[in-house]
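Asker: Fold the following.
(one chain, ligands or ions: 1)
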Amino acid sequence: MAVWFFIFISISISMAVILKLIFNYPSQKLPPGPRPLPIVGNLFFFRKSFNDLHHILHFLHAKFGPIITLHFGSRPAIFIADRFLAHQALVHDSVVFADRPPALDGKEEVFITTANYSSTWRVLRRNLTAEMLHPSRVKSYSAARKMMLGRLLKLLKLQSGQSADHSVQVMDQFRNSMFSLLAFMCFGEELEDKKIKEIADVQRDMMRTFGEMSTVSILPTITMIMFYKQGKKMLQLQEEARRLIIPLILNRNKVKQEQNNKQGFSSYMDTLLDVKLPEKNRSLNVEEILGLCSEFLNGGTDNTSALMLWTMANLVKHPDIQEKLFEEMKRVIGNEEKTVEEDDLHKIPYLKAVVLEGLRKHPPLRFLLPHSVTKDVALNGHLIPRNGSVNFMIGDMGMDPKVWEEPMLFKPERFLNDEEDGEGFDITGSKEIKMMPFGAGRRICPAYALAILHLEYFVANLVWKFEWKARGGYDVNMEEQHEFSVRMKHPLQALLYPRF
Ligand code: HEM
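Answerer: Modelled structure (predicted):
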C-alpha cells in the first residue's frame, strides 16, 4: 500500500510539472514569442545554424511584434528590434537595464564588458574613460596615430607599386595598423613587430573562437555543451596570451616601481596597476590586468578595422562619393603633398557624413552585448524578468525605412542636414535613437569618440593619398560574414593609385 501510494504521488507530481511546463511556461506577461517545447525550449529554431540567428529573428519579429521572448534552458531571452522601446529601456530606464547576465560558467570575471552593474564596473569603466579616453589623453596619442598611419600608407604604396595592376588586399594591413596603435596605447612601448604579430594572432583567434560561440552567448545553458571543442581551444589560446602578455605586465610594474611612479607617460596597463577594487578591497591581479588589456585590444581592433574596410569598399563602389570627399579635402588642405592632420578633420563635414553612413549601414555588431535588468520591470506592458537576457538588435535600427529614406543605399548626404542645424548627428541616441552602432545609455561604448576619430583620420588620409578603384570588370562584393563582428565575406581588393 505504501509503495503504491508513493508511486501515485510521484506520478502526480511529474504530471503536474510537465503540464506546468507545457501550459504555463512562459508566464503570460513575458513578451510574446513562439511556444517553447518542454526542456529544449525554442532551440529547434536553430537546428541548422546559429549564424541564422538574425534572419530567424526577423521572421519572428514580423510575426510577433518588435519585442519577443525565446526560451533556451532556464533563462528567457528577450529581443528588442524597435528604436522607441530601445530608447525607453536604455536611456529612460538606463539604471535598471544596465546589468549583464551572469557568466556562462558562473565565474565572476573582471572585465568592463561583462561586469554586472556594480562598483567594480564603475571603477573599471571610470579608469578607462578618465585615464585613456579623456580628450586630453586621446590627444597625447596623436603622434602614435601619425606614426601608424605613416607606416600603413608607406606599405600600401609599396604593395600597389609591386603589383602589375596596382591591386592590394587591404584587410590585414588595416587590422595590423589598428592593432599596433591599440597595443602602443595599452603597453606604453613600441613592441617589436614579431611580438606584436604573435599577440595580434592570438587575440584574433580568440575573437574568432569567441565569435563562433558568441551568437549563442544569448543561449547560455547549451553553449557550454555544444561548443565544447571551441571552449577547449579558447583555454589553449588564453594560455598562449598569458605566456605573451604577463611578462610585459611584470616588466612594466617593475619599471613603474623603480621610477617610483614618477614617469610622465602612462599606458592603459600602467593605469590598471593603480586600480583598487572597492568591493574586494585590493588591487587587480596579473590575470585580471591581462583580461582587461585583451578587452582593450579586441574592442578597439576588430570593430574599427572591419568598419574601415566597409567604408573603403563603399568608396570604391561609389567613385562619385570618393571624388566628392577628395574635392572637399582639397578645399581644406590645398594641393600640398602632406597628410590630413587631426585638427583638419572637423573642417570636412562630408568626411564625418561618410563615416556615419558606414556606421549606419555596416554596424560591426548585430546586437548590443547582452544586457539584463537589475529587477523585474515592465516595458511596453510586458514583463522583463530579472533572470533573463535582453538583446537589442542594432542592425535593424539603422535600416528602418520609416527613419532612413532608401536605407539600402550608401548615401552620406543624409547626414549633412544634421551638420546644418549646428548640432551634428547625435550618435549617443540620448534624445532619440535613429541608429546605435555603439549602443546607448549607461553601457554605451565608452570609446565611441576615439573610434570615430580613428575612422575619420585613417579614411581621410587613405583617400587623400590614393585614388581607390575597383579591379577591371569586378563589382565590389558586399556580402557579409558574421564572426564576432560583421566583416566582408570577400575582403576588399582594390587598385590603389598614388595621387601625388
Ligand atoms: C567602430 C568601433 C567600435 C564599435 C562599433 C563599438 C561598439 C560597441 C558596442 C555596440 C558595445 C556594447 C554596448 C552595450 O552593450 O550596450 C561596446 C562596448 C564596449 N566597447 Fe566598444 N566599439 C568600438 C570601439 C571600441 C574601442 C576602440 C574600445 C576601447 C579602446 C572599445 C571598448 C568597449 C568597452 C570596454 C565596452 C563595454 C562597455 C560596458 O559594458 O560598460 N570599443 N562597444
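Asker: Show me the strands in the stretch 251-400 of the chain, by range?
Answerer: Using DSSP state E, counting those that start in this stretch, the strands of the stretch 251-400 of the chain run over 276-277, 282-283, 377-379, 382-384, 389-392.
Asker: what's the answer for the chain, then?
Answerer: Using DSSP state E, the strands of the chain run over 67-72, 75-80, 167-169, 276-277, 282-283, 377-379, 382-384, 389-392, 466-470, 480-482, 486-488, 493-498.
Asker: Next, the angle from the last one to strand 466-470.
Answerer: What separates the directions of strand 493-498 and strand 466-470 is an angle of 150 degrees, with axes from the mean of the first three to the mean of the last three CA atoms, to 10 degrees.
Asker: Could you list every helix and strand in contact with strand 493-498?
Answerer: In terms of contacts (3 or more CB pairs under 8 Å, 6 or more residues apart in numbering; DSSP states H and E), strand 493-498 is packed against helix 142-162, strand 167-169, strand 466-470. For glycine as for every other residue, the C-beta is placed from the backbone atoms N, C-alpha and C.
Asker: and the shortest one, what does it pack onto?
Answerer: If I follow you right, that is strand 167-169. helix 142-162, strand 493-498.
Asker: in its sheet, what does the last one sit against?
Answerer: So that's strand 493-498. strand 167-169 (antiparallel), strand 466-470 (antiparallel) (DSSP bridges).
Asker: if you skip the residues just before and after it, what's nearest to residue 160?
Answerer: residue 496 (4.0 Å; CB to CB, 6 or more residues apart in numbering).
Asker: Quick one: name the residues of this protein near the ligand.
Answerer: 112-113, 125, 295-296, 299-300, 303-304, 307, 364-365, 368-369, 437-439, 443-447, 450-451 (CB under 6 Å from any ligand atom).
Asker: Narrow those residues to those in helices?
Answerer: 125, 295-296, 299-300, 303-304, 307, 450-451 (DSSP state H).
Asker: ok, residue 332 to residue 424 distance?
Answerer: In this view, residue 332 and residue 424 are 17 Å apart by CB to CB, to the nearest Å.
Asker: Surely residue 389 is in contact with residue 373?
Answerer: No: if you go by CB atoms under 8 Å, residue 389 and residue 373 don't touch, sitting 9.7 Å apart.
Asker: can you list the strands of the chain in CSV and add mean pLDDT and mean neighbour count?
Answerer: CSV is the format used below for those (pLDDT from 0 to 100; neighbours: other CB atoms under 10 Å):
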stretch, mean pLDDT, mean neighbour count
strand 67-72, 90, 24
strand 75-80, 92, 24
strand 167-169, 89, 17
strand 276-277, 93, 13
strand 282-283, 94, 11
strand 377-379, 96, 15
strand 382-384, 97, 22
strand 389-392, 96, 26
strand 466-470, 95, 19
strand 480-482, 86, 15
strand 486-488, 90, 20
strand 493-498, 94, 18
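Asker: now those in TSV, with distance to residue 175?
Answerer: Below are the strands of the chain laid out as TSV (distance: least, CB to CB, whole Å):
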stretch	distance to residue 175
strand 67-72	33
strand 75-80	30
strand 167-169	11
strand 276-277	33
strand 282-283	33
strand 377-379	38
strand 382-384	37
strand 389-392	27
strand 466-470	18
strand 480-482	14
strand 486-488	10
strand 493-498	15
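Asker: about what we covered before: for the helices and strands packed on strand 493-498, which one sits closest to residue 36?
Answerer: Among those, strand 167-169 comes nearest to residue 36, with 45.4 Å by CB to CB.
Asker: How far off centre is the closest one?
Answerer: 26 Å (CA atoms, centre = their mean, to the nearest Å).
Asker: Need the residues that contact that strand.
Answerer: Contacts to strand 167-169, defined as CB atoms under 8 Å, 6 or more residues apart in numbering, come from residues 156, 159-160, 471, 491-496.
Asker: and if we set it to 10 Å?
Answerer: Identification of contacts with strand 167-169 by CB atoms under 10 Å, 6 or more residues apart in numbering yields 155-163, 466, 468-472, 474, 491-496.
Asker: which sections of the chain are below the confidence cut-off?
Answerer: Across the chain, the ranges flagged by pLDDT under 70 are 1-28, 38-52, 104-106, 211-227, 260-265, 419-422, 473.
Asker: Save the helices and strands packed on strand 493-498 as a markdown table, and put in distance to residue 180 too.
Answerer: Below are these laid out as a markdown table (distance: least, CB to CB, whole Å):
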| stretch | distance to residue 180 |
| --- | --- |
| helix 142-162 | 5 |
| strand 167-169 | 18 |
| strand 466-470 | 20 |
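Asker: Name all residues that make contact with residue 434.
Answerer: Here residue 434 is in contact with 83, 87, 360, 397-398, 400, 403-404, 418, 425-427 (CB under 10 Å, 6+ apart).
Asker: cool, and residue 90?
Answerer: With CB under 10 Å, 6+ apart, residue 90 has these contacts: 80, 97-98, 368, 371, 390, 392, 429-430, 433, 436, 439-444.
Asker: Among those, the buried ones, what's the ChimeraX command?
Answerer: In ChimeraX syntax, the buried subset of the contacts of residue 90 is picked out as below (16 or more other CB atoms under 10 Å):
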select :80,97,98,368,371,390,392,429,433,436,439,440,441,442,443,444
